[in-house]
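Just a sequence and a predicted model for now, questions to come.
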Amino acid sequence: MENQIIRMNNNLLSVKNLIKHFSIRAGFFQQPIGYIRAVEDVSFNVNKGEIFGLVGESGSGKSTIGKILVKIYKPTKGTVLFKGKDITKLTKEDLSFFKKEVQIVFQDPKSSLNPRRSIRSTLEDPLIVHNIAKNNSEREKIISNLLKMVELSPNYMYKYPSSLSGGQRQRVAIARALTVNPSFIVLDEPTSALDVSVQAKIIHLLQGLQKEFNLSYLFISHDLSLVRTMAKKTAVMYLGRICEIAPTEKIFSMPIHPYTRTLISSVPVIFEEERKAKPPKQSCGGEIPSPVNPPSGCAFHPRCTISSEVCSKKIPDLLKVSEDHFVRCHHVSINK
């Protein structure tokens, strides 16, 4: 069961049985006519100083989870515990503390930065709101140090987002997340809008900052190669549910769920050793189904090459197959 993967020792964040449905409304009175089942009964935990990867196709619910964790969305059901406190029931005082502790870096830095505000103004706001610096001089010194931290010249504080490249804008977005000295950052596909050459530099920067400040990351991506580089532990999502969760190296060396094996078999390799370590090439026909009308039973069964009758009738539990390795599949023994 999902709750087996929740442990409180050294936990910074614990997600328990999280559900998020978005209502679909139509007509003059905007009556609900259906629901988008974005997240369905998801549980996982992130430890202090850990990078946790969340991977899957577009529409799997990854970004929705990230936005719930920073309170952009409210969950339909379930609990999210941050440092032991349920973030859905925070007092005004606790909420101020939470907003300092938890930050997010969005996918597209161009849309996440206000084009009418200078970089200084963007970075200065959190300092003023949380009363971090006493005066203008102190704020300028902090902003200068933040820009150096993300490998930009302090002179960039006088520029506007339109005069920066994509990589520079993302560095500013990372600096903004660091202004309040958080302990946990949601990275929602932070490199997918950037050129490949820039991606490597941003990943290197994020790794360096994580080690220097002992940060915890939720690293959301559809790129398995990036997740393997970044994350210590990884959850693979499909249509709102976690189908496999394990230490990242185990996900790559011993993938069990058919969907995980399909994803990994599609990852490009350079070296012969990598090719030998990959599972045989697999394919799943069609596209990910709509979360408005998901398939019955196991959501992956219409695309699965080993599905049977039970797969179309019953949702499989998330079963423990070994230490820290959980799989949602009726045919776990077949896939081992």
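Looks like it came in fine.

What separation do you get for Arg120 and Asn136?
Computed as Cβ to Cβ, to the nearest Å, the Arg120 to Asn136 distance reads 10 Å. Where you see a C-beta, it was placed from the backbone N, CA and C, and this is true even at glycine.

Can you tell me the element the closest residue to Phe82 other than its chain neighbours falls in?
Spatially, and ignoring its direct neighbours in sequence, Phe82 is nearest to Leu13 (5.4 Å; Cβ to Cβ, 6 or more residues apart in numbering). Using DSSP states H and E, Leu13 falls within strand 11-26.

Could you give me the buried positions within that strand?
Buried residues in strand 11-26, counted by 16 or more other Cβ atoms under 10 Å: Asn11, Leu12, Leu13, Ser14, Val15, Lys16, Asn17, Leu18, Ile19, Lys20, His21, Phe22.

circling back to that earlier point, residues contacting the residue nearest to Phe82?
Neighbour list for Leu13: Asn45, Val46, Leu69, Val80, Leu81, Phe82, Phe184, Ser216, Leu218 [criterion: Cβ atoms under 8 Å, 6 or more residues apart in numbering].

I'd guessed Leu69 sits against Ile185; true?
No - at 10.2 Å, Leu69 and Ile185 do not qualify as touching, with contact defined as Cβ atoms under 8 Å.

if I look at those two, which residues touch both of them?
In contact with both Leu69 and Ile185: Val102, Leu218, using Cβ under 8 Å, 6+ apart.

Show me where the chain has its strands.
11-26, 31-47, 51-55, 77-82, 85-86, 102-105, 184-188, 216-221, 233-238, 241-247, 318-322, 325-328 (DSSP state E).

okay, and the helix or strand of the chain with the least pLDDT?
The least trusted helix or strand in the chain, going by mean pLDDT, DSSP states H and E, turns out to be helix 272-277, with a mean of 49.

Which strand residues bridge the closest residue to Ala246 other than its chain neighbours?
The shortest distance from Ala246 to any non-neighbouring residue, by Cβ to Cβ, 6+ apart, is to His325 (4.0 Å). Beta-bridge partners for His325, by DSSP bridges, are Ser322.

now His325: how far from Ala235?
Applying Cβ to Cβ to His325 and Ala235 gives a distance of 11 Å.

more neighbours, these two?
Applying other Cβ atoms under 10 Å to His325 and Ala235 shows that Ala235 carries more neighbours, namely 27 against 17.

List the beta-bridge partners for the more buried one.
Beta bridges link Ala235 to Leu54, Ile245, judged by DSSP bridges.

And Pro32, by the same measure?
Counting by DSSP bridges, the residues bridging with Pro32 are Arg25.

so how many other residues sit close to it?
10.

Surely it and Phe22 touch.
No - using Cβ under 8 Å, Pro32 is not in contact with Phe22, being 10.0 Å away.

For stretch 143-158, which outside residues touch it?
118-120, 123-124, 127, 140, 164, 168, 171-172, 174-175, 178-179, 205, 209.

With stretch 25-45 instead?
For stretch 25-45, the external contacting residues (Cβ under 8 Å, 6+ apart) are 2-3, 5-7, 11, 13-24, 52, 61, 64-65, 68, 75, 78, 235, 237, 239-242, 245, 291-292, 294, 318.

Could you rerun that using 7 Å?
By Cβ atoms under 7 Å, 6 or more residues apart in numbering, the surrounding residues in contact with stretch 25-45 are 2-3, 5-7, 11, 13-24, 61, 64-65, 235, 240-242, 245, 291-292, 294.

Would you mark the buried spots in it?
Here stretch 25-45 shows Ile36, Arg37, Ala38, Val39, Glu40, Asp41, Val42, Ser43, Phe44, Asn45 as buried, counting by 16+ other Cβ under 10 Å.

and the residues you listed as TSV, adding pLDDT?
Putting the buried residues of stretch 25-45 into TSV (pLDDT from 0 to 100) gives the following:
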residue	pLDDT
Ile36	94
Arg37	94
Ala38	95
Val39	97
Glu40	96
Asp41	94
Val42	97
Ser43	96
Phe44	96
Asn45	95
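
Could you dump these into a markdown table with distance to Leu146 added?
Below are the buried residues of stretch 25-45 laid out as a markdown table (distance: Cβ to Cβ, whole Å):
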| residue | distance to Leu146 |
| --- | --- |
| Ile36 | 37 |
| Arg37 | 40 |
| Ala38 | 34 |
| Val39 | 33 |
| Glu40 | 39 |
| Asp41 | 39 |
| Val42 | 33 |
| Ser43 | 35 |
| Phe44 | 30 |
| Asn45 | 30 |
